[in-house]
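K.L.:
Here's my sequence, what's the structure:
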Amino acid sequence: MPDATIPKPQYYTSPALTLSADPQVLNFTQALLEFHGVDHRTWSYRAAIFLNNPKATEKTAPNLKSHYVGYFQVFAHGGCFGDMGHCEVQAAVRPYDSRRPHPLLPIVKTVDISAGLKKLLPKGGDFTVRVVAQVTNGTEMCDPHDEFLKFNRIRLITRSE
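P.N.:
Numbers count the residues shown, from 1 in each chain. Sure thing, here's the model as predicted:
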C-alpha cells in the first residue's frame, strides 16, 4: 500500500475520569480501561494509551515517563467488498433469532493499565486518557480521509481481591 494512501495518525483526549481516593479502591489488584463501541469497519490500527498527557503524539516514547500505560490493536474489516447495503450494520433482529450477530457491530477493547495507574496516580484523583492511533493496514477499499478512531465511551474498572 503506497504511503500516500495511509491516513495520518488520529488522536482523542477524554474528559476527566476519576480514580477514587478511597483506600479500598486504591488497593486495586487490576485496573482496566474499556473502550466501548469501537468501529472496526475500515482501517486496522494500533492505539497507544497515555494518561494525563494530552500532547502525546505518534512520536511520544511509549514509556512511563511519558505516561504511556498500554495499547489496543484493531484488526479491521478493510472496507466493504459487497453489494450496496451489504456492510450496513444490522442491530439485533428478533428475540429468538439464532443467526450470529452482524460481524461489523462495534466491539469492546480492554487495556490493563494496572501498573501504570498505580505509579501515576498513587493517591487517586482525576486523569485524562489520550489515545494516539496509527494505521497498520488497510485495503484499496479504505478511504484515506476516513475517521478510523471511533468509539462511544471509555470506562475505568478497578478490581480488588
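K.L.:
So which other helices or strands are in contact with the longest helix along the chain?
P.N.:
Scanning the chain for the longest helix, with DSSP state H as the assignment, gives helix 114-120. Other helices and strands packing on helix 114-120, by 3 or more CB pairs under 8 Å, 6 or more residues apart in numbering; DSSP states H and E, are strand 30-38, strand 44-51, strand 68-74. All C-beta atoms are positioned from the backbone trio N, CA, C, and that covers glycine.
K.L.:
in the shortest one, what counts as buried?
P.N.:
Right, the one you point to is strand 68-74. For strand 68-74, the neighbour count (16 or more other CB atoms under 10 Å) marks 68-72, 74 as buried.
K.L.:
could you give the angle of the helix or strand following it to strand 68-74?
P.N.:
Sequence order places strand 107-112 as the next helix or strand after strand 68-74, per DSSP states H and E. Here strand 107-112 runs at 150 degrees with respect to strand 68-74, directions being taken by axes from the mean of the first three to the mean of the last three CA atoms, to 10 degrees.
K.L.:
isn't residue 113 right next to residue 69, touching?
P.N.:
Yes: Residue 113 is within contact range of residue 69, at 4.2 Å (criterion: CB atoms under 8 Å).
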